[in-house]
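Q: Fold the stuff below for me.
(one chain, ligands or ions: 2)
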Amino acid sequence: MEYRLKNTVSKDAFRYGYLLNKIYPYIRPFWGRIIINLIIAIPLGLLDGVVAFSLKPYMDLVINGNPSVTYTILGHDVQVQSSFAAIIPIAIILFAAFQGILKYVSHYLTDWLGQRISNSLKVDLFKKLTSLDPQFYDVNSSGLVLTRFLSDPDAASKNIISNLQTFISTAFGIVGLVAVLLYNSWQLAIVGVTVMGLAITPVTFIRKKIKQVSNASMVVGGNMTTNFNETFAGNKIVAAYNLQNDQNKKFEHQIHQQFDLAMSLTKRVGWMSPIMYFICSIGIALVFWYGTHLILTGVLTAGSMMSFVTSLLLLYKPVKNLGNTLTGLQGTFVAMGRVFELFDLVPYIHDKENALELDGLHRDIYFNNISFEYEPEIPVLKNINLRVNKNETLALVGNSGGGKSTIVSLIPRFYDVTKGSVEFDGVDIRNYTLKSLRNQISFVFQDNYLFSGTIKDNILMGNEHATDEQIQKVVQMAHLDEFIATLDKGLDTYVGERGTTLSGGQRQRVAIARAMLKDAPIVILDEATSALDNQSEAIVQKALDNLIRNKTVFVIAHRLSTIKNADRIAVINEGELAELGTHEELMQINNGKYKHLYEMQFKKQEEIC
Ligand SMILES: Nc1ncnc2c1ncn2[C@@H]1O[C@H](COP(=O)(O)OP(=O)(O)OP(=O)(O)O)[C@@H](O)[C@H]1O
Ligand SMILES: [Mg+2]
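A: Numbers count the residues shown, from 1 in each chain. Ligands and ions are numbered 1, 2, ... in the order given. Alright, predicted model coming up:
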């Protein structure tokens, strides 16, 4: 299964059976209400027919002045007296009231159902998004995912109920009105209905166009959101490099694209309504022509003609609606296709069946001849063999882009190896549950992500059950206490999204406190101090020293002291393990990579310090 979301409609957009099957579990809990809603749609649709029908006795009794008339309804003769005419105004009001109540109930139910179904879809979709591994986020733009997340579930669920409802009420409206037509004159009805039928055929031609435009607007919408996110997250770069104009232009271009797309649909779809109207007028003209003939030859009464023409005029709206509803339903299926495309993604990284619980590290971590590639055929790590003992600290050094971050990201299975295996105590980590594996690992990155909330909230993410005392302890060990003391609200100080209101070093120490609270036996530090000045680096370093005591540690560092203090050093060069040993051992190698690195970079630090 490919992770990269197609910019287009999923291949399933026209597999109605598949889609209905997929959405069924979301609809099932609300069956009762859905049925009620759809049943209400029936009288709502039929009411127009009743009004049209009542015109016949009105015309025959009042306009033509007959004292009474007899109608045959479903084989029964019904005699209607002229006093019936007086009831009609009252009936109209009662009907309107009745219709109003039904409309309200149906509107309420439609909204309620749409919202509920959309919510449960969104909840599940969010769960799906959190279950997907980093690779999914590598290959899909934030805008595309966000747009899909925000608009598709609504389009898929809200519209399906309202479209179904409209479809039923419209269909019954049509049935009712056609019945009135047939009752009044079957000859005229054939003429009228045939023409109406002709009028809606163009709808079927635009299905494909809707799909295309919907795809394209999704792409443009996604690009817009990505642009927006980037402008937001990168606002300082935008300001520093005076990129405002470029960003604005990009956005304007996207707005134009969206406009062009919308207009191309309008161009294709907009002519439908006038054409339908035109064809219907021809139908009405034919009816008048033929109807006059029928009245003059005594086949039809004036009342019937009146009732017939009213029905025919009333019929235009539901027929047109039916066209719109079918188009709308198609849009809904397109959205559903996209939603379920996301649902159908299977995370690359997941627990295998009967996965074991990992209860800690006892002996060693072994990279057993591993190779790795992000993109097929582009090797990033090549045949690495490396054993790290329990409670050992291994420093990883090497050229930029050499694969250091990649190798450590294989330990918590952010990615899985392409070849070979990562083993804990001799067991492939793919045999363990992801949760228990990741419980054993603390990760501190160079750029630590803080979530919007308080400092305490962010620290608690390491262990939500921690007591206040434990928190105090890690705050001290992370050398955060002095900083926290300067804050009015202390630990309850709110940090902005991504922790933007803290300095780089403060953020890092919060992340270290978080990692300390987790107290996992394996610690991974990826350039955890590289963004700091000497003074704050010294503080963070002390915090780190506290964090890594008695732990198995992987540290990617540029500080000589950290590297020298490590038990062993691994030099990762162009994806290969070039050298492995202690500082002293590696310095012995003539023309060695480490020696070279040391002489080029680290020695200078030593001279400065
Ligand atoms: N998510 C990704 N998708 C595709 N390629 C990636 C991804 N992350 C890294 N790479 C590529 O993999 C290679 C190794 O990257 P990695 O981040 O592991 O290097 P590094 O040794 O940590 O470098 P640095 O010292 O600069 O942090 C690089 O060529 C990089 O371009
Ligand atoms: Mg790196």
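
Q: where does this protein come near ligand 1, residue by residue?
A: Residues of the chain lying close to ligand 1 (CB under 6 Å from any ligand atom) are 138, 374, 375, 380, 398, 400, 401, 402, 403, 404, 405, 406. Where you see a C-beta, it was placed from the backbone N, CA and C, and this is true even at glycine.

Q: OK, contacts around the second one?
A: Translated: residue 374. When contacts are counted by CB atoms under 8 Å, 6 or more residues apart in numbering, residue 374 touches 135, 138, 380, 406, 415.

Q: quick one: which of the residues you listed sit in helices?
A: Within the contacts of residue 374, residues falling in helices by DSSP state H are 135, 138, 406.

Q: quick one, phi/psi of residue 358?
A: Note on residue 358: backbone dihedrals following degrees, to the nearest 10 are phi -90, psi 130.

Q: Ok, residue 348 next?
A: As for residue 348, its main-chain torsions (degrees, to the nearest 10) stand at phi -60, psi -40.

Q: residues contacting it?
A: Shown in contact with residue 348 (CB under 8 Å, 6+ apart): 3, 133, 135, 416.

Q: where's the first one, which helix or strand?
A: In this case it means residue 3. If you go by DSSP states H and E, residue 3 is not part of any helix or strand.

Q: Verify the stated contact: it with residue 140.
A: Yes - Residue 3 is in contact with residue 140 according to CB atoms under 8 Å; the separation is 7.2 Å.

Q: which one is the residue nearest to the spatial centre of the chain nearest to, not counting chain neighbours?
A: Taking CA atoms, centre = their mean, the centroid of the chain lies closest to residue 149, which sits 1.6 Å from it. Nearest residue to residue 149 in three dimensions, chain neighbours excluded: residue 125, at 6.1 Å (CB to CB, 6 or more residues apart in numbering).

Q: can you pull the buried residues of stretch 31-47?
A: Across stretch 31-47, burial judged by 16 or more other CB atoms under 10 Å covers 34, 37, 38, 40, 41, 42, 43, 44, 45, 46, 47.

Q: number of nearby residues for the closest residue in space to the last one that isn't next to it in sequence?
A: The one in question is residue 47. Once flanking residues are discounted, residue 47 sits nearest to residue 99: 5.3 Å by CB to CB, 6+ apart. The number of residues packed near residue 99 is 16, by other CB atoms under 10 Å.

Q: hmm, back to that, return the members of the contacts of residue 374 classed as buried.
A: With burial judged by 16+ other CB under 10 Å, the buried subset of the contacts of residue 374 is 135, 380, 406, 415.

Q: re earlier: can you redo the contacts of residue 348 as CSV with pLDDT?
A: Shown next, in CSV, are those (pLDDT from 0 to 100):
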residue, pLDDT
3, 75
133, 88
135, 88
416, 94
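
Q: Now compare those residues and name the two farthest from each other.
A: Pairwise distances across those peak at 13.2 Å for 3 and 416 (criterion: CB to CB).

Q: Show me what whichever strand or helix holds residue 47 is packed against.
A: Applying DSSP H and E as the criterion places residue 47 in helix 31-58. For helix 31-58, the elements it packs on are strand 68-73, helix 84-131, helix 142-184, helix 302-343, judged by 3 or more CB pairs under 8 Å, 6 or more residues apart in numbering; DSSP states H and E.

Q: Just put those in JSON lines and tack on mean pLDDT.
A: Shown next, in JSON lines, are the helices and strands packed on helix 31-58 (pLDDT from 0 to 100):
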{"stretch": "strand 68-73", "mean pLDDT": "72"}
{"stretch": "helix 84-131", "mean pLDDT": "88"}
{"stretch": "helix 142-184", "mean pLDDT": "83"}
{"stretch": "helix 302-343", "mean pLDDT": "81"}
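
Q: would CSV of the ones you listed with distance to residue 394 be doable?
A: Converted to CSV, the helices and strands packed on helix 31-58 look like this (distance: least, CB to CB, whole Å):
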stretch, distance to residue 394
strand 68-73, 92
helix 84-131, 31
helix 142-184, 34
helix 302-343, 39
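
Q: which residues touch the closest residue to ligand 1 within the stretch 101-250 of the chain?
A: Nearest residue of the stretch 101-250 of the chain to ligand 1: residue 138, at 4.2 Å (CB to the nearest ligand atom). Each residue near residue 138 by CB under 8 Å, 6+ apart is listed here: residue 374.

Q: In the stretch 351-500 of the chain, what residue spans correspond to strands?
A: Assigned by DSSP state E, counting those that start in this stretch, the stretch 351-500 of the chain shows strands spanning 364-373, 379-389, 393-397, 419-424, 427-428, 441-444, 453-454, 494-495.

Q: Strand partners (parallel or antiparallel) of the longest one?
A: Put plainly, it is strand 379-389. As defined by DSSP bridges, the strand partners of strand 379-389 come to strand 364-373 (antiparallel).

Q: Can you report how many residues neighbour the closest residue to residue 140 other than its chain neighbours?
A: Leaving out its chain neighbours, the residue that sits closest to residue 140 by CB to CB, 6+ apart is residue 5, at 5.3 Å. Using other CB under 10 Å, residue 5 has 20 neighbouring residues.

Q: which residues touch residue 5?
A: By CB under 8 Å, 6+ apart, residue 5 lies in contact with 140, 144, 145, 148, 341, 342.

Q: Now render these as JSON lines, adding neighbour count.
A: JSON lines is the format used below for the contacts of residue 5 (neighbours: other CB atoms under 10 Å):
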{"residue": "140", "neighbour count": "17"}
{"residue": "144", "neighbour count": "20"}
{"residue": "145", "neighbour count": "19"}
{"residue": "148", "neighbour count": "23"}
{"residue": "341", "neighbour count": "18"}
{"residue": "342", "neighbour count": "21"}
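
Q: From those, pick the one nearest residue 480.
A: Nearest to residue 480 among the contacts of residue 5, with distances taken as CB to CB, is residue 145, at 34.1 Å.

Q: Surely the closest one touches residue 129?
A: Yes - look at residue 145 against residue 129 with CB under 8 Å: they come within range, at 7.1 Å.

Q: Overlap in contacts, the two.
A: Counting by CB under 8 Å, 6+ apart, residue 145 and residue 129 have no common neighbour.

Q: on that earlier part again, could you measure from the residue nearest to residue 140 over to residue 129?
A: The gap separating residue 5 from residue 129 is 12 Å, by CB to CB, to the nearest Å.

Q: Could you name every residue contacting both of these two?
A: 145, 342.

Q: Only C-alpha atoms, please: export stretch 304-312 in PDB.
A: This file holds the C-alpha atoms of stretch 304-312, laid out as PDB (Å, rounded to 0.1, in the frame of the first residue of the first chain):
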ATOM      1  CA  SER A 304     -58.600  19.100 -14.400                       C
ATOM      2  CA  MET A 305     -56.700  21.300 -16.800                       C
ATOM      3  CA  MET A 306     -56.000  23.800 -14.000                       C
ATOM      4  CA  SER A 307     -54.900  21.100 -11.600                       C
ATOM      5  CA  PHE A 308     -52.800  19.500 -14.300                       C
ATOM      6  CA  VAL A 309     -51.000  22.600 -15.300                       C
ATOM      7  CA  THR A 310     -50.300  23.500 -11.600                       C
ATOM      8  CA  SER A 311     -48.900  20.100 -11.000                       C
ATOM      9  CA  LEU A 312     -46.700  20.300 -14.000                       C
END
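
Q: So which residues make contact with that stretch?
A: Against stretch 304-312 from outside (CB under 8 Å, 6+ apart): 49, 51-53, 55-56, 59, 177-178, 180-181, 184-185, 188-189, 192, 283-284, 287-288, 291, 294-295, 300.
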